[in-house]
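S.K.: next input, structure requested:
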Amino acid sequence: MKIRFYLVLTYMLNLQSGLTQETKLYDFVKTELTTGKYKFELMTAHVTPRVDEEPLLLDESGKIIYPKVDLEQIEDEPNFVLKSSGSIFLNIQYNDFILTIRPVDNTYFPLIKINLKSGEALFNKAQICLTKQVSISDNKNGFKSPWKGFQWLGMSKNNSSIISPRLTLGKLKEGGKIYLEILWVENESKRHYRLIG
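M.R.: Next up is the predicted model:
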């Protein structure tokens, strides 16, 4: 009897936690995003060498040997910066509780639909689940700003792909800009957009 009670209690707490997160998502999106056309800057990652780094090695021909850089591991380091490399126009629309983000003229950008009631998102027709609320309190990141938002994660196709689809929607504290990051595979090619608008 006690085990059943604890299971029901755990289920209710998890359900309440999920509902709270979805309510926060709804409030965040309705406050920060209005219907209309947005211009987003496409940001690319740059790693600047540190002053105290060891000199780069040379191969037998005298060419510099650049170390392999894993951007996922260094995003929180001070020498990781994001720079604009172009722009993308996106339309943002609401239909009841569905937020739709679609490209104006970029066919490589996926269609994104977010159900603000359930927290689920459709990403090029693939369903991805709201996994966590994100809150970065310091400026030791590529944006040089604290930011907050939400992140969704999907299962990779047959669990065989090297990446899982990912969607992040947030707002930077500095300048109040919207941050949209999407990671997906299209035609067997990895696509990764970081957008600021």
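S.K.: tell me which residues of the longest strand anywhere in the chain come out buried.
M.R.: Ordering each strand of the chain by length in residues (DSSP state E) puts strand 80-95 first. By 16 or more other Cβ atoms under 10 Å, the buried positions in strand 80-95 come out as Phe80, Leu82, Ile88, Leu90, Ile92. Glycine gets a C-beta too; all of them are placed from N, C-alpha and C.
S.K.: so what's Asp105 up against?
M.R.: Asp105 is in contact with Phe89, counting by Cβ atoms under 8 Å, 6 or more residues apart in numbering.
S.K.: change it to 10 Å
M.R.: Neighbouring residues of Asp105 by Cβ atoms under 10 Å, 6 or more residues apart in numbering: Ile88, Phe89, Leu90.
S.K.: lowest pLDDT pick from those?
M.R.: The lowest pLDDT within those belongs to Ile88, with 90.
S.K.: which stretches of this protein have low pLDDT?
M.R.: 1-21, 47-80, 106-107, 156-162 (pLDDT under 70).
S.K.: list the buried residues in stretch 93-113.
M.R.: For stretch 93-113, the buried set under the neighbour-count rule, 16+ other Cβ under 10 Å, comprises Leu99, Thr100, Ile101, Phe109, Pro110, Ile112, Lys113.
S.K.: end-to-end on that stretch?
M.R.: End-to-end distance of stretch 93-113 (Cα to Cα, to the nearest Å): 10 Å.
S.K.: same deal with stretch 105-113?
M.R.: This stretch, stretch 105-113, spans 18 Å end to end (Cα to Cα).
S.K.: begin at 277 from now on, thanks
M.R.: All right, first residue 277 from here; so that's stretch 381-389.
S.K.: which residues in this structure form helices?
M.R.: 278-308, 347-350 (DSSP state H).
S.K.: quick one: Gly362 and Tyr384 touch, right?
M.R.: No: in this structure Gly362 lies outside contact range of Tyr384 using Cβ atoms under 10 Å: 11.9 Å.
S.K.: report the contact partners of the closest residue to Leu318 other than its chain neighbours.
M.R.: Using Cβ to Cβ, 6 or more residues apart in numbering and skipping residues adjacent in sequence, the residue nearest Leu318 is Gly362, 4.6 Å away. For Gly362, the contact set (Cβ under 10 Å, 6+ apart) comprises Phe316, Glu317, Leu318, Met319, Thr320, Asn382.
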